[in-house]
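Student: Provide a 3D model corresponding to the input given below.
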Amino acid sequence: MSIPVVDMHCDTAVRLAWHSASAELRAALGRDYYYRWDAENPPAARDLAKNHCHVSLEKIGDVPWAQCFACFIPDELTPAQAVEFQEHVWGCFQNQLANNPQVTLAKSAEDARGTLDAGGVCAIRTIENARLFAEDLGLVEKLAAEGLQMASLSWNAGGPLASGHDTSEHMSATGAAALAELERCRVAIDVSHLNDECFADVSARATRPFCASHSNSRAVCGHPRNLTDDQFRAIMAAGGVTGLNYCGGFITDGAWGEKSKDVTFEQVVAHLEHWLDLGGKDAITLGGDLDGADVPVFLDGADHIPAFQERLVAHFGHDLAEKLCHKNALAFLERVQAA
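Tutor: Residues are numbered from 1 along each chain as shown. Have a look, this model is predicted:
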């Protein structure tokens, strides 16, 4: 039997919902489909059970699996538009869950652990670029009550809460208020995409463990989207985790687009080995960025993960592979949600 999986980030929910957003939202988004090849086969992108995406129930198969499904909110949207877009994406995903009752919604780490122990599949609700909270901070408590377990404060550009790696601005006062409210509601803070200045702001303000759901090591691949060693240490010291990102360009310099296919297993695990050298055996997990990035051939979909796990076991041993694949992520969410 495969090792259970907790994957900290995918964009599948947005892929499934993007093309059915209102004409006004699609105009603001700048394109009618999320991924470049979705226009060729849009009906298949509507079904969580079987689709041409990286993540589907067919591809997950019989692996016990807890998947963080992010509502990615593009930088082009205003906070008010972000509220509407989040409602659209989540509404579409709720329909997917209703049509596929074998997938449960995990509203807590306890729920996710129970599903994995029973050999099932569950969805964990997350938000990437939570700019909607600048429109209405009361949405934090509302969404947390509905099962939101993790949120990041920005994407790549400057934002109303915090700013991404394309900028050098600090967190806003609204962002600081959102961080405090997220922590009060026991929603994990995700620092992936933050610039170095905003990372420092979060690290200084956070009172609960925080994570980088899908980020790699900047010492191994120098892209500013990746974490410095000091940032990884800060996450580790706070009781957080970092999710290994499968995006080729964040694994090795220049591996964008088609070149990502040629990234090797050795180049991927170099990030894990570096973090282990920093003492991170309890602070690393999976954050594949599936359906949001071009990835190596051997990671090109959920159906490739059992073979990847076999290679991880051969390389690191079974105990560490279990920590990486699910144990560390579950323990992190439990720490965030503890009283």
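Student: let me know how buried Glu76 is, in neighbour terms.
Tutor: Applying other Cβ atoms under 10 Å, we find 15 residues neighbouring Glu76. For the C-beta atoms, the positions are set from N, CA and C on the backbone; glycine is no exception.
Student: thought it was touching Leu29?
Tutor: Yes: using Cβ atoms under 8 Å, Glu76 makes contact with Leu29 at a distance of 6.1 Å.
Student: so which residues of the stretch 101-250 of the chain form strands?
Tutor: 103-106, 121-128, 148-152, 188-190, 210-211, 242-244 (DSSP state E, counting those that start in this stretch).
Student: make a markdown table out of those strands and add distance to Ser163.
Tutor: A markdown table is the format used below for these (distance: least, Cβ to Cβ, whole Å):
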| stretch | distance to Ser163 |
| --- | --- |
| strand 103-106 | 30 |
| strand 121-128 | 14 |
| strand 148-152 | 12 |
| strand 188-190 | 15 |
| strand 210-211 | 17 |
| strand 242-244 | 20 |
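Student: quick one: those strands as JSON lines, columns for distance to Arg15, mean pLDDT and mean neighbour count too.
Tutor: Output for the strands of the stretch 101-250 of the chain, formatted as JSON lines (distance: least, Cβ to Cβ, whole Å; pLDDT from 0 to 100; neighbours: other Cβ atoms under 10 Å):
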{"stretch": "strand 103-106", "distance to Arg15": "16", "mean pLDDT": "98", "mean neighbour count": "21"}
{"stretch": "strand 121-128", "distance to Arg15": "13", "mean pLDDT": "98", "mean neighbour count": "25"}
{"stretch": "strand 148-152", "distance to Arg15": "18", "mean pLDDT": "98", "mean neighbour count": "26"}
{"stretch": "strand 188-190", "distance to Arg15": "19", "mean pLDDT": "98", "mean neighbour count": "28"}
{"stretch": "strand 210-211", "distance to Arg15": "23", "mean pLDDT": "98", "mean neighbour count": "28"}
{"stretch": "strand 242-244", "distance to Arg15": "19", "mean pLDDT": "98", "mean neighbour count": "28"}
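Student: show me where the protein has its helices.
Tutor: Under the criterion DSSP state H, the chain contains helices at 12-17, 23-29, 57-60, 79-99, 109-117, 139-145, 173-184, 196-205, 229-237, 248-251, 265-277, 305-316, 318-322, 328-337.
Student: among those helices, which is nearest Gly287?
Tutor: Of all these, it is helix 328-337 that lies closest to Gly287, at 8.7 Å by Cβ to Cβ.
Student: quick one: mean pLDDT over the closest one.
Tutor: Helix 328-337 shows a mean pLDDT of 98.
Student: cool, stretch 179-186 as well?
Tutor: Per-residue scores along stretch 179-186 average to 98.
Student: next one: stretch 295-312
Tutor: Stretch 295-312 comes out with an average pLDDT of 98.
Student: next, the buried residues of that stretch.
Tutor: 295-296, 298-299, 301-302, 304-306, 308-309, 312 (16 or more other Cβ atoms under 10 Å).
Student: ok, stretch 61-75 next?
Tutor: Within stretch 61-75, the residues scored as buried using 16+ other Cβ under 10 Å are 63-75.
Student: what does stretch 88-101 give?
Tutor: 88-90, 92-93, 96-97, 100.
Student: so where's the protein uncertain?
Tutor: Per-residue confidence for the chain (pLDDT under 70) gives these ranges: 1, 42-45.
Student: rerun at 80
Tutor: Low-confidence segments of the chain, defined by pLDDT under 80: 1, 36-37, 39-46, 339.
Student: do I have it right that Pro224 meets Asn216?
Tutor: No: applying Cβ under 8 Å, one finds Pro224 not in contact with Asn216, separated by 11.5 Å.
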